[in-house]
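Novice: Dropping the sequence and predicted coords here.
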Number of protein chains: 2
Amino acid sequence: MTQPAEPLPKLPDWVAADWGTTHLRATAMGAVGPMATASSDDGMGTLKPAEFEAALLRLIGPWLSPNQTTPVIACGMVGSRQGWAEAKYRAVPCTPVAPDTLTRVATTDPRITVHIAPGLRQNIPADVMRGEETQIAGALALMPGFDGVMCLPGTHSKWVHVSAGEVVSFQTFMTGELFALLSTQSVLRHSIAADGFDSAAFDTGLSDALSCPERIAARLFTLRAEGLLTDASPTSARSRLSGLLIGVELAAAKPYWLGQPVTLIGAETLCSHYAHALKAQGLTPATLSAADCTLAGLSKLKGAL
Amino acid sequence: MTQPAEPLPKLPDWVAADWGTTHLRATAMGAVGPMATASSDDGMGTLKPAEFEAALLRLIGPWLSPNQTTPVIACGMVGSRQGWAEAKYRAVPCTPVAPDTLTRVATTDPRITVHIAPGLRQNIPADVMRGEETQIAGALALMPGFDGVMCLPGTHSKWVHVSAGEVVSFQTFMTGELFALLSTQSVLRHSIAADGFDSAAFDTGLSDALSCPERIAARLFTLRAEGLLTDASPTSARSRLSGLLIGVELAAAKPYWLGQPVTLIGAETLCSHYAHALKAQGLTPATLSAADCTLAGLSKLKGAL
């Protein structure tokens, strides 16, 4: 997952940084778009406030010159209260990003300036996002005029109602984190494979959860019991767990997706599972890459700096 | 939680052992009942098969004499495939315990003989229990003729339909394990207190979950968002999480409890939360102590040895 930066034949105009809890991903941006990418595991979760500048310079140092100041625009958990500097949430309904709300971070190295994009908050029901707002802005740049629902599956999946260029409302589901905890930390770990995908088992879990979502805590233990009593395959158990958790999410997110145009934004494999699940509900979702959307969103912010 | 055994003025007739994944709890039994208790953290999860006998002797050695063989009867995960010796599941419908199905374990120390009680299995839907069957047998000994539903809340809560002295069917919910993982390993840990109880917050979670159980993954993240956006108390968040998870369990277990006499078997505080929740649904559950039931169940097995 980590990839050092290599010196470039030409200095970048600016650097886009996607700085989450576990990783820092940087893209050197030139006049016509991305020139190079680099990443490290210096995520927000492992750094104290005073360590962020050094972590950034460690990664993108080869792209910088003492003779020039390169702007860096960052989004994600780097702007949380426990991050480099707090970029206060903007309240929905609002546009996903707004250039005049970037937080300028104090830096000591003259080769860089750093701005952080704020996340979004919703007061009722209470909800927050950091990083996804930039992806949403990027998705709107890639699909101008989109009106409908964006789903950003992941550790904390977001369902977002977008209309007239604004985020109207959103809801977060802990689906990815539940999957990680259950498959690696709970008693289910004994019955669940580390990888692999069984489409039929996924569909079974999905349909079980959509028809009786309230039975989730019992369905989970069934995976363990079947592992003990039958020769249920650990790959099939993994896929059924995924189907169950995504099914419970879809059951609850129905007010978001029912009868709406849906765009998925995320990692390719995960999006393909959500797309498959939504197709079974009669939808035909579009899919955008999270990396593309982040870059498009940060570019929009850069354009207005 | 650990408590060494002290030498006794008189040797026990036998020793009752409740041997789970994390703990070993032993009771020295005399002619008129319990004489003393002892416990260690030599749970099944930390021992290899060859280490169980030594772990048992370490704990109960002070109760033994070289001149006498003391029978030990054990229940719980000690009888699982990863335990001391596998005591194969009995299939429901059946009586919770049956003396002629005890597994005699090979031991080298002449001071003890050891028997392990088997757990129960259900083929459809797949489910298993180990240890709870002994509590159920004990509860039936304490409440002869009971016909109805027993709920054993805990790491893996069990709902059990008992009729004519037999376990007819049962269903396991991962409620306690979900609570532990979410409150200590997930992002919610930042918003959740290590202890304390707020009855109103518990009720809110309970009622939210009972009315819309499918929204559980979203309700969970709301706890985190409220921790960030409001000054929601971590104690209140802990109680709401508990209410949410117990509420989802009750929503799914409704076919078990609706219109039935319900007996709770478990730890006092946890049972009181379940009792409170069930009372809000119009039930008046009885409560028995898990330790009392385990002892009564093991005593029943001893009586028939």
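Specialist: Received the coordinates, thanks.
Novice: Can you pull the residues of the stretch 201-305 of chain A lying near chain B?
Specialist: A:212-218, A:220-222, A:224-226, A:228-230, A:245, A:248-249, A:251-253 (Cβ under 8 Å from any Cβ of the partner chain). Heads up, the C-betas are built off the backbone N, CA and C, glycines and all.
Novice: Strands of chain A, start to end?
Specialist: A:14-19, A:24-30, A:33-40, A:70-75, A:90-91, A:103-105, A:112-116, A:120-122, A:127-129, A:148-152, A:157-163, A:166-173, A:262-266, A:286-289 (DSSP state E).
Novice: what about the closest residue in space to A:A17 that isn't next to it in sequence, how many neighbours?
Specialist: Excluding the flanking residues, the one nearest A:A17 by Cβ to Cβ, 6 or more residues apart in numbering or on different chains is A:A74, at 3.9 Å. Using other Cβ atoms under 10 Å in any protein chain shown, A:A74 has 30 neighbouring residues.
Novice: which residues does A:A74 bridge with?
Specialist: A:A17, A:I116 (DSSP bridges).
Novice: Correct me if wrong: it contacts A:A117.
Specialist: Yes. Counting by Cβ atoms under 8 Å, A:A117 is a contact partner of A:A74 at 7.1 Å.
Novice: Mutual contacts of the two, please.
Specialist: Listed contacts common to A:A74 and A:A117 are A:L298; contacts here mean Cβ atoms under 8 Å, 6 or more residues apart in numbering or on different chains.
Novice: circling back: which one of the strands of chain A lies nearest to A:A141?
Specialist: Smallest distance to A:A141 across the strands of chain A (Cβ to Cβ): 10.6 Å, for strand A:286-289.
Novice: what are the ranges of the helices in the stretch 101-250 of chain A?
Specialist: Counting by DSSP state H, counting those that start in this stretch, the stretch 101-250 of chain A has helices at residues A:132-142, A:175-184, A:199-211, A:216-229, A:234-257.
Novice: Would you reformat those helices as CSV and include mean pLDDT and mean neighbour count?
Specialist: Formatted as CSV, those follow (pLDDT from 0 to 100; neighbours: other Cβ atoms under 10 Å in any protein chain shown):
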stretch, mean pLDDT, mean neighbour count
helix A:132-142, 98, 26
helix A:175-184, 96, 20
helix A:199-211, 96, 19
helix A:216-229, 93, 23
helix A:234-257, 96, 24
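Novice: Select, out of the ones you listed, the one closest to A:R58.
Specialist: Taking the helices of the stretch 101-250 of chain A one by one with Cβ to Cβ, helix A:132-142 is closest: 23.0 Å.
Novice: hmm, that closest one in reach of chain B?
Specialist: No. Judged by Cβ under 8 Å from any Cβ, helix A:132-142 stays clear of chain B, getting no closer than 12.7 Å.
Novice: what packs against that helix?
Specialist: strand A:148-152, strand A:157-163, strand A:262-266, helix A:290-303 (3 or more Cβ pairs under 8 Å, 6 or more residues apart in numbering or on different chains; DSSP states H and E).
Novice: I'd like the ones you listed as a markdown table, with mean pLDDT appended.
Specialist: What follows is the helices and strands packed on helix A:132-142, written out as a markdown table (pLDDT from 0 to 100):
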| stretch | mean pLDDT |
| --- | --- |
| strand A:148-152 | 98 |
| strand A:157-163 | 98 |
| strand A:262-266 | 98 |
| helix A:290-303 | 96 |
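Novice: can you put these in CSV and add mean neighbour count and distance to B:G196?
Specialist: What follows is the helices and strands packed on helix A:132-142, written out as CSV (neighbours: other Cβ atoms under 10 Å in any protein chain shown; distance: least, Cβ to Cβ, whole Å):
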stretch, mean neighbour count, distance to B:G196
strand A:148-152, 25, 34
strand A:157-163, 23, 30
strand A:262-266, 24, 37
helix A:290-303, 21, 39
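Novice: From what I see, A:L57 and A:I112 are in contact.
Specialist: Yes. Applying Cβ under 8 Å, one finds A:L57 in contact with A:I112, separated by 7.4 Å.
Novice: tell me the pLDDT at the residue nearest to A:A17?
Specialist: For A:A74, the pLDDT comes out at 98.
Novice: Can you name the residues that contact it?
Specialist: A:17-19, A:114-117, A:298.
Novice: residues near A:G30, how many?
Specialist: Neighbour tally, A:G30, other Cβ under 10 Å: 14.
Novice: so it touches A:K10, yeah?
Specialist: Yes. Contact criterion Cβ under 8 Å: A:G30 and A:K10 qualify, at 6.8 Å.
Novice: still on that earlier bit, let's have the helices of the stretch 101-250 of chain A in JSON lines, adding distance to B:S40.
Specialist: What follows is the helices of the stretch 101-250 of chain A, written out as JSON lines (distance: least, Cβ to Cβ, whole Å):
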{"stretch": "helix A:132-142", "distance to B:S40": "49"}
{"stretch": "helix A:175-184", "distance to B:S40": "28"}
{"stretch": "helix A:199-211", "distance to B:S40": "40"}
{"stretch": "helix A:216-229", "distance to B:S40": "26"}
{"stretch": "helix A:234-257", "distance to B:S40": "33"}
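Novice: For A:M150, see how far away whatever residue of the stretch 1-150 of chain A ends up closest to chain B is.
Specialist: As assessed by Cβ to the nearest Cβ, chain B sits closest to A:A126 within the stretch 1-150 of chain A, at 4.0 Å. A:A126 sits 20 Å away from A:M150, going by Cβ to Cβ, to the nearest Å.
Novice: same thing with A:T287?
Specialist: For A:T287, the distance to A:M150 - Cβ to Cβ - is 11 Å.
Novice: now A:A290
Specialist: 11 Å.
Novice: list residues touching both of the two?
Specialist: Common contact partners of A:A290 and A:M150 (Cβ under 8 Å, 6+ apart): A:I265.
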